[in-house]
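> 3D model of this:
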Amino acid sequence: MKKILQRLTLVAASTMSMFAVAGEGEVLVILSSETTMDLADGQSIETGYYLNEFGVPAKALVDAGYELVLATPKGNAPQVDKKSVSTDYFDGNEAKMQSIQRFVASLPDIKDTASLSEILAGDLSQYEAVFIPGGHAPLIDLANNPEVGEILRHFNKQGKPTAAICHGPITLLSAQVQPNSYYQAIKDGEKASANNWIYDGYKMTIFSDPEERVFESSLEGKKLKFYPAMAMEKAGGNMAFASEWQPNVVVDRELITGQNPFSDKLLAEKLLEMLAK
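Prediction:
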């Protein structure tokens, strides 16, 4: 039986980490439950979280003294996107990639996360921040999820750090009234208007259209149902992008968003800086 509070006390002893700062408390990590994504033509592809987008910031938090609580909508084991298991995202360094793989695999609850309903049944005030990794999977079950919205509204109201990277910021769309209506209109290509979105007017970033087109070119002619940057802008996000594949992290109030996989280290730094305050 899952416990409502999932604790991963994995405090690193080394003080040499570039991310190391004095920290304590718990950070909630929200991951997608989904492993396949439907495309515009009805076909599907495998998906999941990106290894570096999850593992690099997560390890930075643990190295700094924070405990991680992993959660998914269904309370299941999240899946890594196989495309992300590549040294391309680790400075070409096989040892770095394997180190993050071992770290993620060592998390006691990586195969048995808390469900969002279990998290909501507990006390959200126990968490110092919420972190949402990317990969395309959040487009499926985190962008249209009232439970996610309830969690995000708590952190927004308390002014506690909310960090999301690459496709992770699409999750922010859940923090509006009836998020599924907006999500469905975006997917169907219909006129869409966000309803009392708490991040309306926030400066933010997400995987850019040029970057998404590069990804889409790997699908052999298949198309995504929608581009996330468009969905965020239509909702009222004040979007800010860097050139493709360049690290870019945008901070506005309690919100920290990273544009692409190569923003992982910078996002971790900004999150730890905000937590230290």
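
> Would you state the strands of the stretch 51-200 of the chain in chain order?
Assigned by DSSP state E, counting those that start in this stretch, the strands in the stretch 51-200 of the chain fall at 67-72, 114-115, 127-132, 162-165.

> most tightly surrounded among these?
strand 162-165 (a mean of 30; mean count of other Cβ atoms under 10 Å). The way it works is simple: take the backbone N, C-alpha and C, and place the C-beta from them, glycine included.

> Off-centre distance for that one?
6 Å (Cα atoms, centre = their mean, to the nearest Å).

> right, and the strands of the stretch 51-200 of the chain - which one's nearest D141?
D141 sits nearest to strand 67-72 of all the strands of the stretch 51-200 of the chain, at 8.4 Å, using Cβ to Cβ.

> and the closest one, what does it pack onto?
Contacts defined by 3 or more Cβ pairs under 8 Å, 6 or more residues apart in numbering; DSSP states H and E place strand 67-72 against strand 26-30, helix 51-63, strand 114-115, helix 116-121.

> will you turn the ones you listed into JSON lines that also has mean pLDDT?
Below are these laid out as JSON lines (pLDDT from 0 to 100):
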{"stretch": "strand 26-30", "mean pLDDT": "98"}
{"stretch": "helix 51-63", "mean pLDDT": "98"}
{"stretch": "strand 114-115", "mean pLDDT": "98"}
{"stretch": "helix 116-121", "mean pLDDT": "98"}
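
> List the residues that contact A163.
A163 sits next to 57, 129-132, 255-258, 267, 270-271 when contact means Cβ atoms under 8 Å, 6 or more residues apart in numbering.

> how close does it sit to T47?
Between A163 and T47 the computed distance is 21 Å (Cβ to Cβ, to the nearest Å).

> Adding distance to F241, write the strands of the stretch 51-200 of the chain out as a markdown table.
Below are the strands of the stretch 51-200 of the chain laid out as a markdown table (distance: least, Cβ to Cβ, whole Å):
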| stretch | distance to F241 |
| --- | --- |
| strand 67-72 | 29 |
| strand 114-115 | 34 |
| strand 127-132 | 19 |
| strand 162-165 | 14 |
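
> out of these, which comes closest to L107?
Taking Cβ to Cβ, strand 67-72 is the member of the strands of the stretch 51-200 of the chain nearest to L107, at 6.7 Å.

> Please determine how far E216 is located from L172.
22 Å.

> When the two are compared, which one has more neighbours?
More neighbours surround L172 than the other of E216 and L172, with 30 against 16 (other Cβ atoms under 10 Å).

> so the more buried one touches G149, yeah?
No: assessed by Cβ atoms under 8 Å, L172 is found out of contact with G149, at 9.1 Å.

> what number of residues lie near Y202?
There are 20 residues near Y202, going by other Cβ under 10 Å.

> S106 too?
By the criterion of other Cβ under 10 Å, S106 has 11 neighbours.

> now do the one 5 residues further on
Other residues lying near K111 total 11 when counted by other Cβ under 10 Å.

> Spit out the contact partners of it.
K111 neighbours (Cβ under 8 Å, 6+ apart): A77.

> Would you list the phi and psi of it?
phi -100, psi 0 (degrees, to the nearest 10).

> What separation do you get for it and S217?
Applying Cβ to Cβ, the value for K111 to S217 is 34 Å.

> buried sites along the one helix or strand E273 maps to?
Here E273, judged by DSSP states H and E, is contained in helix 264-276. Using 16 or more other Cβ atoms under 10 Å as the burial criterion, the residues of helix 264-276 that qualify are 264-272, 274-275.

> Please apply the same query to stretch 249-266.
Within stretch 249-266, the residues that qualify as buried are 249-251, 254-266, counting by 16+ other Cβ under 10 Å.

> starting at the chain centroid, how far to that stretch?
Centroid separation for stretch 249-266 versus its chain: 10 Å, with Cα atoms, centre = their mean.

> now stretch 159-171
Worked out by Cα atoms, centre = their mean, stretch 159-171 lies 6 Å from the chain centre.

> For D200, which of the helices and strands packed on strand 67-72 is the nearest?
Across the helices and strands packed on strand 67-72, closest to D200 is strand 26-30 (Cβ to Cβ), at 21.1 Å.

> Mind listing the strands that closest one pairs with, and their directions?
Using DSSP bridges, strand 26-30 pairs in its sheet with strand 67-72 (parallel), strand 127-132 (parallel).
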